[in-house]
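Q: Sequence plus the predicted model coming up.
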Amino acid sequence: MTLRVLSVASEAVPLVKTGGLADVVGALPAALAPHGAELTTILPGYPGVLKGLKRARTLHHWPDLLGEEARLVAGRIGGHALLVLDAAHLFQRDGALYTDAAGRDWEDNWRRFAAFGRAAADVAAGAGQGKAGAFDLIHAHDWQGGMALAYNRFAPAGPAPLPSVMTIHNMAFQGYFDARIFRSLGLPKAAWAMDGVESYGGVGFLKAGLQSADAITTVSPSYAAEIRLPEFGMGLEGLIASRGSAVSGILNGIDTAEWNPATDPHLASLCTARTLSGRKANKRALEAEFGLSRDEGPLFVVISRLTWQKGMDVLPEVIDHLVGLGGRLALLGAGDAAIEHELHSAAERHPGRIGIRIGYDEALAHRMQGGGDAILVPSRFEPCGLTQLYGLAYGCVPIVARTGGLADTVIDANVAALAKGVATGVQFVGVNYHALAEAISRTFALYADRAQWKRIQANGMAADFSWTASGKAYAALYRRLTGTKA
Ligand SMILES: Nc1ncnc2c1ncn2[C@@H]1O[C@H](COP(=O)(O)OP(=O)(O)O[C@H]2O[C@H](CO)[C@@H](O)[C@H](O)[C@H]2O)[C@@H](O)[C@H]1O
């Protein structure tokens, strides 16, 4: 029996992306299709999303969705079903998805994503679908999707709540708002409780989703274990621990059609594990693009949000060490202004050795994975991480902090792994100058032994990070919750 799932998220490639959430939500429909689960994605009607719709058909109209008019529009995303909540007053505005042009959170974020959640719960119960029972399960992502599950549980539009899954892509963003908004949410009084939407005296959208979901997943097994601890649980560790076996980790896959060095149209030269020499032309192109001097030493790359989570405040401290050993660094990212400033001053200190590109550039990210020798990912916490997976697939060896999904996906080049010939990268413990500097020194030593380095690259390229296994795991979870057989 085909399972019909409503996937509720704020971002999905190729229509709208600020981070890894979009890659995963965009990939899930194709990952689940072979396992008999048909996903329909529902997104907010941001300008870019509405523009991407070819023949927009109106399916449903809300005269009063949390105080304003809205409509549901149908479209397609990557060949799969898409629904868009067109509510101009909430989503059609200049600035970023969650912040205004000055970087301040939109004041009405609570209304924007509560309305989105209400609409998603209505759709799950049949709004605009021509019939009730159009969906078997709701799968919500991150705080922006959380309220869909709270409405589904406390105020379902149908006769009973649907089975539900909440996926955490990042526990640090919780959608936490003042208690005063509660009365505008249209939820029954019973929802104002510790096992409901109340969170530390306010309303927590992620928390609401976590309390309302039948199952909670996060994007790696290690992160699923870590968020039971205060250090990673960001205040919700007690909740996570109390949900016991309802919490599990399913590792992200990567879109192997989009991220494949043998076919990538962004690369100057294509390559496979057997034709690693093809990477050289990409490296030369990257040096030219970043204004770096040309030499045979390792070229490190970083593709990241410039934030504390990603350990980017520590990176500037190790740049002198990296350059001192003969390395170069090409960095693409945007975020914290203080970090950007530090990086620029490091680049000024080391002309031709450090290249910085502030901004967001998908094509450049591909070229960097294709031409860099090693990608640095010094995250303090990392639910899964995608850039190290792209690095593995492209022969750009990941140098990662041992946390979350980074710990689960990279095999450290320790003595045992090297002896067995299975290493795929370098792991280090603790995000500080000493740990990172030591990892960089180890990388130089590994790189100096060309045969060994090639082996490490080829091992990563041979690893399977497709969605096959994870698609199967999500499908098994859906089947368990709906009590259906494949
Ligand atoms: N300046 C730039 N230009 C171009 N591309 C850029 C870029 N900066 C970042 N990217 C891209 O954005 C994505 C980032 O994804 P990550 O998974 O590494 O982190 P993120 O914290 O966004 O995601 C959260 O959700 C994902 C998905 O579950 C988890 O893997 C992760 O651990 C969690 O923090 C990658 O596709 C990367 O290439």
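A: Structure received. Numbers count the residues shown, from 1 in each chain.
Q: Once you drop chain neighbours, what's closest to the residue in the stretch 51-200 of the chain positioned nearest to the ligand?
A: In the stretch 51-200 of the chain, no residue comes nearer to the ligand than His169, which is 3.6 Å away by CB to the nearest ligand atom. In short, each C-beta sits where N, CA and C put it, glycine included. With sequence-adjacent residues excluded and distances taken as CB to CB, 6 or more residues apart in numbering, His169 is closest to Leu21, at 4.7 Å.
Q: now do Arg380
A: Setting aside the residues directly before and after it, Arg380 is nearest to Val431 in space (CB to CB, 6+ apart), at 5.0 Å.
Q: returning to that earlier point: just give me the neighbour total for the residue of the stretch 51-200 of the chain closest to the ligand.
A: For His169, the tally of surrounding residues (other CB atoms under 10 Å) stands at 25.
Q: Can you pull the phi/psi pair for it?
A: Here the main-chain torsion angles of His169 (degrees, to the nearest 10) amount to phi -100, psi -20.
Q: just checking, it touches Val24?
A: Yes - if you go by CB atoms under 8 Å, His169 and Val24 touch, sitting 6.8 Å apart.
Q: okay, and the common contacts of these two?
A: By the contact definition CB atoms under 8 Å, 6 or more residues apart in numbering, His169 and Val24 are jointly contacted by 141, 219.
Q: How about the secondary structure of the residue nearest to Arg380?
A: The assignment at Val431 comes out as coil when based on DSSP: H, G, I helix; E, B strand; the rest coil.
Q: Double-check it against Glu382; I have them as touching.
A: No - with contact defined as CB under 8 Å, Val431 and Glu382 do not form a contacting pair (10.5 Å).
Q: So if I had to pick from those two, which one is more boxed in?
A: A side-by-side neighbour count of Val431 and Glu382, using other CB under 10 Å, places Glu382 first with 31 against 22.
Q: Could I get the contacting residues of the more buried one?
A: 223, 309, 400-401, 403-406.
Q: Go again with 10 Å.
A: With contacts defined as CB atoms under 10 Å, 6 or more residues apart in numbering, Glu382 is in contact with 20, 170, 219-220, 222-223, 226, 309-311, 388, 400-409.
Q: where does Thr167 fall, phi/psi-wise?
A: phi -110, psi 130.
Q: ok, how many other residues are close to it?
A: Here the neighbour count serves as a burial measure; for Thr167 (other CB under 10 Å) it reads 26.
Q: Assumed Tyr151 was part of a strand.
A: No - the assignment for Tyr151 (three-state DSSP) gives helix, which keeps it out of a strand.
Q: what about the residue nearest to it when sequence neighbours are not counted, which helix or strand?
A: Excluding its sequence neighbours, the residue lying closest to Tyr151 (CB to CB, 6+ apart) is Ala121, at 3.6 Å. The secondary structure element spanning Ala121 is helix 109-124 (assigned by DSSP states H and E).
Q: Test my guess that Ala475 contacts Ala31.
A: Yes - between Ala475 and Ala31 there is a contact at 8.9 Å, judged by CB atoms under 10 Å.
Q: pretty sure Glu382 belongs to a strand, no?
A: No - with three-state DSSP as the criterion, Glu382 is assigned coil and is not in a strand.
Q: how close does it get to the ligand?
A: As defined by CB to the nearest ligand atom, to the nearest Å, Glu382 lies at a distance of 5 Å from the ligand.
Q: And that residue, what's its pLDDT?
A: Glu382 carries a pLDDT score of 98 in this model.
Q: Find out how far stretch 48-59 is from the centre of the chain, if you would.
A: Here the centre of stretch 48-59 is set off from its chain's centre by 24 Å, with CA atoms, centre = their mean, to the nearest Å.
Q: What residues sit buried inside it?
A: Neighbour-count burial for stretch 48-59, counted by 16 or more other CB atoms under 10 Å, picks out 49-50, 52-53, 59.
Q: sorry, back to before: okay, Ala475 and Ala31: which has more neighbours?
A: Comparing Ala475 with Ala31 by other CB under 10 Å, the one with more neighbours is Ala31, at 24 against 20.
Q: Am I right that the more buried one is in contact with Val5?
A: No - with contacts defined as CB under 10 Å, Ala31 does not count as touching Val5, sitting 11.7 Å away.
Q: any shared contact partners between these two?
A: Between them, Ala31 and Val5 share these contacting residues under CB under 10 Å, 6+ apart: 37, 39, 474-475.
Q: Let's see which of these end up in helices.
A: In helices, defined here by DSSP state H, the members of the shared contacts of Ala31 and Val5 are 474-475.
Q: top of the shared contacts of Ala31 and Val5 by neighbour count?
A: Within the shared contacts of Ala31 and Val5, Ala37 tops the neighbour count with 27 neighbours, counted by other CB under 10 Å.
Q: what about Arg76, which SS state?
A: Per three-state DSSP, the secondary structure class of Arg76 is strand.
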